[in-house]
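Asks: build me a structure from this.
(one chain, ligands or ions: 2)
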Amino acid sequence: SYKQMLRTEKLTALGRLSAGLAHEIRNPLTSIKVLFQTFRDNPSLTKEDMEVVLSAAEQMDDLLTRFLRFARSDEFSLSDVYINSIIKHIIKLTEFQIKERSIDLSIKLSKIPPIKADRAMLQQAILNLVLNAIEAMPDGGTLSISSKIENGNAAINIADTGKGIPEGIRDKIFDPFFTTKADGTGLGLSIVYNIVNLHNGDINFESNGEGTVFTLKVPIKTHE
Ligand code: ADP
Ligand code: MG
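Replies: Ligands and ions are numbered 1, 2, ... in the order given. The predicted model follows:
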């Protein structure tokens, strides 16, 4: 059944995510260990040291919360989801960053029937793509978001006029923890990839020196 299949794919996705999670947890854990080892030898932790420990612990807590939220969403809450309403919501969420960078916004939405999907997950996926597009245009540009029906799929295009994705990294961008940003997590696109897979959808991109277009497709028909 569809649900059965979702579960199998989810397990695969979880496997990949846990490998990543273990890796991410090691950094804050190491800083806690180092500080406490120092403390054992010389019990003079300062307030700043304690802040480091606290923020490392918070970082791990945060990672685990996000991980568990995904792991627990066992039977996916599938409901009738309007893609265009998700897009409008995301525009509100990112309004500030868009204005701050003087990015022009172009929105073209076609009428799309509701699709069976997990609303929160789809929103997360599209948001991650929009955030990447915004981050690709630090000095402004145009963010174009469109939706249409294509061969029984709801197709969402997210295009930016940033500097594009260099050829040498194109096969790595969906890998967990791959990032070219100083403060990136490299988790955005791997999450998008997993969410799209779980919905039986498809994610593609085209990129050149003038920008990047990501296309996310999700089947409109319900699967029982
Ligand atoms: P992060 O945003 O934390 O770096 P992601 O998984 O979202 O992690 O993206 C991985 C990498 O893919 C980015 O660091 C960037 O190099 C590249 N990338 C993703 N989207 C775009 C885009 N729209 N334009 C240019 N590069 C992009
Ligand atoms: Mg990102």
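Asks: can you report phi and psi for the closest residue in space to Asp202 that isn't next to it in sequence?
Replies: Spatial nearest neighbour of Asp202, excluding adjacent residues (Cβ to Cβ, 6 or more residues apart in numbering): Lys217 at 4.4 Å. C-betas here are computed from N, CA, C, even on glycine. The phi/psi pair for Lys217 (degrees, to the nearest 10) reads phi -120, psi 140.
Asks: check which helices and strands the helix or strand encompassing Ser106 sits against.
Replies: Remark: Ser106 resides in strand 103-109, with elements defined by DSSP states H and E. Other elements packing on strand 103-109 under the criterion 3 or more Cβ pairs under 8 Å, 6 or more residues apart in numbering; DSSP states H and E are helix 83-100, strand 141-150.
Asks: just put those in a markdown table and tack on mean pLDDT and mean neighbour count.
Replies: Putting the helices and strands packed on strand 103-109 into a markdown table (pLDDT from 0 to 100; neighbours: other Cβ atoms under 10 Å) gives the following:
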| stretch | mean pLDDT | mean neighbour count |
| --- | --- | --- |
| helix 83-100 | 94 | 15 |
| strand 141-150 | 98 | 18 |
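Asks: in terms of pLDDT, where does the residue of the chain found nearest ligand 1 sit?
Replies: The nearest approach of the chain to ligand 1 comes at Gly188, 2.5 Å away (Cβ to the nearest ligand atom). Confidence per residue is given as pLDDT, and for Gly188 that number is 88.
Asks: give me the neighbour count for it.
Replies: Counted with other Cβ atoms under 10 Å, residues neighbouring Gly188 total 23.
Asks: hmm, it is touching Val130, no?
Replies: No - Gly188 is beyond contact range of Val130, at 10.3 Å (criterion: Cβ atoms under 8 Å).
Asks: could you tell me which residues touch both of these two?
Replies: Common contact partners of Gly188 and Val130 (Cβ atoms under 8 Å, 6 or more residues apart in numbering): none.
Asks: for Ile195, give me its contacts.
Replies: Under the criterion of Cβ under 8 Å, 6+ apart, the neighbours of Ile195 are 118, 121-122, 124-125.
Asks: in which helix or strand would I find it?
Replies: helix 188-198.
Asks: so where do the strands sit in the chain?
Replies: Along the chain, the stretches classed as strands by DSSP state E are 78-81, 103-109, 115-118, 141-150, 153-160, 202-208, 211-219.
Asks: which strands and helices sit next to the fifth one?
Replies: Put plainly, it is strand 153-160. In this structure, strand 153-160 makes packing contacts with helix 83-100, helix 119-135, strand 141-150, strand 211-219, judged by 3+ Cβ pairs under 8 Å, 6+ apart.
Asks: and the fourth one, by the same measure?
Replies: Taking 3+ Cβ pairs under 8 Å, 6+ apart as contact, the helices and strands that strand 141-150 lies on are helix 83-100, strand 103-109, helix 119-135, strand 153-160.
Asks: what residues does stretch 88-106 touch?
Replies: Looking at stretch 88-106 with Cβ under 8 Å, 6+ apart, the contacting residues turn out to be 107, 123, 126-127, 130-131, 134, 137-145.
Asks: again with stretch 24-38
Replies: Contact with stretch 24-38 is made by 45, 49, 52-53, 55-57, 59-60, 63-64, 177, 185, as judged by Cβ under 8 Å, 6+ apart.
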